[in-house]
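S.K.: 3D, please:
(one chain, ligands or ions: 1)
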Amino acid sequence: MKLWKMNGAGNAFAIFDARSTAFTPTTEQIRKIAADLKADQVIAMERDATKDVFMRIWNSDGSEVSACGNATRCVGLLMLDETGKDRVTIQTEADMLRATRAGEGLITVDMGSPQMGWEDIPLSEKMDVRGVDVKIGPIDAPILSRPAVVSMGNPHAVFFVKDVAAYDIPAIGPLVEWHPLFPKGTNVGFAQVIDRETIRLRVWERAAGLTRACGTGACAALVCAARAGLTGRKARMILDGGDLTIDWRESDDHVYMTGPVELEFEAEI
Ligand SMILES: N[C@H](CCC[C@H](N)C(=O)O)C(=O)O
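M.R.: You can find the predicted model right below:
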């Protein structure tokens, strides 16, 4: 079976090609692959009846999830190269996504529409998704805003802060990640609006910890910022591992994510 180690803006993946075998890794195998290859997520490419590929996603702790923006770009590049097509369709548990080339080693993925109902996130009770009441602390950092929440096929809570560097994210992230308000847990973004077209973002990922970039987290932060009038509908997201451009198009309400993809190595396992 073919295996690729790839990253999207530093978000690291072990991707294996399970299209010719019915191989489904055990939780232990996921954890071992993620640890050995230093991957944030493990991805399986499976055959799909009508789309170019079906993509399964596991966090490094072995939990299976239904969306991973940066990995969608990596699988998109593999499928664009393999098929020679200009656009490929990638089916996940949550949605059907499309990937296209965007020049100079960049890939654009149509991540579909954001989901904003409290039940979509999901939250454990009805609350205003523009700012939910998570009582954490006291924390030895500036007071945190009430996070905005949104789903990109996975849950995101986004704090808008004056200075991302002022927060000990590995200490604060887990307090929100498994807060009772989020029955399925949540990814936790810390977003600093630089100007109306630029956001500095760091994300504590659900079941994966602090990663160098989070694609759905970048989509979530842009959507929440635009919804709150802090930015326009398109911005450059500056993450630890690189930049992503997020464009929440008015025409179709879809969120388009453009960013780099790097193939680190490929192997047979
Ligand atoms: N940790 C996320 C999945 C990976 C998302 C991230 N790597 C991305 O690029 O979107 C979750 O549990 O929902």
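
S.K.: Residues of the stretch 101-250 of the chain that sit close to the ligand?
M.R.: Of all the residues in the stretch 101-250 of the chain, those in contact range of the ligand (CB under 6 Å from any ligand atom) are 154, 187, 205-208, 211, 214-216. Heads up, the C-betas are built off the backbone N, CA and C, glycines and all.

S.K.: Take these and lay them out in TSV including neighbour count, pLDDT and secondary structure.
M.R.: Output for these, formatted as TSV (neighbours: other CB atoms under 10 Å; pLDDT from 0 to 100; DSSP: H, G, I helix; E, B strand; the rest coil):
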residue	neighbour count	pLDDT	secondary structure
Asn154	25	97	coil
Asn187	27	98	strand
Glu205	27	98	strand
Arg206	27	98	coil
Ala207	18	97	coil
Ala208	24	96	coil
Thr211	25	98	strand
Cys214	35	98	coil
Gly215	29	98	helix
Thr216	30	98	helix
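
S.K.: how about those, which pair is most distant?
M.R.: The two members of those with the most space between them (CB to CB) are Ala207 and Gly215, at 15.6 Å.

S.K.: where along the stretch 101-250 of the chain do the helices fall?
M.R.: For the stretch 101-250 of the chain, the helices defined by DSSP state H, counting those that start in this stretch occupy 169-177, 215-227.

S.K.: Show me what the last one packs onto, helices and strands only.
M.R.: What that stands for is helix 215-227. Under the contact definition 3 or more CB pairs under 8 Å, 6 or more residues apart in numbering; DSSP states H and E, helix 215-227 sits against helix 69-83, strand 148-151, strand 155-160, strand 187-195, strand 198-205, strand 234-239, strand 242-248, strand 255-260.

S.K.: Mind doing that once more with 6 Å?
M.R.: Helix 215-227 makes packing contacts with helix 69-83, strand 148-151, strand 155-160, strand 187-195, strand 198-205, strand 242-248, strand 255-260 when contacts are defined by 3 or more CB pairs under 6 Å, 6 or more residues apart in numbering; DSSP states H and E.

S.K.: which non-adjacent residue is nearest the residue positioned nearest the centre of the chain?
M.R.: The centroid of the chain falls nearest to Thr216 when counting by CA atoms, centre = their mean (3.0 Å). Excluding its sequence neighbours, the residue lying closest to Thr216 (CB to CB, 6 or more residues apart in numbering) is Met152, at 4.0 Å.

S.K.: same deal with Gly185?
M.R.: Distances taken as CB to CB, 6+ apart put Arg206 closest to Gly185, at 4.6 Å, once the chain neighbours are dropped.

S.K.: what's near enough to touch that neighbour?
M.R.: Taking CB atoms under 6 Å, 6 or more residues apart in numbering as the criterion, Arg206 is in contact with 177, 185-187.

S.K.: Neighbour-wise, which one of these leads?
M.R.: The residue in those with the most neighbours, by other CB atoms under 10 Å, is Thr186 (30 neighbours).

S.K.: Go ahead and confirm that residue touches Met152.
M.R.: No: here Thr186 does not reach Met152: they are 11.6 Å apart, not a contact under CB atoms under 6 Å.

S.K.: Strands along the stretch 1-150 of the chain, start to end?
M.R.: In order along the chain, the stretch 1-150 of the chain carries the following strands (DSSP state E, counting those that start in this stretch): 2-8, 11-17, 41-46, 53-59, 64-65, 87-91, 96-101, 106-110, 148-151.
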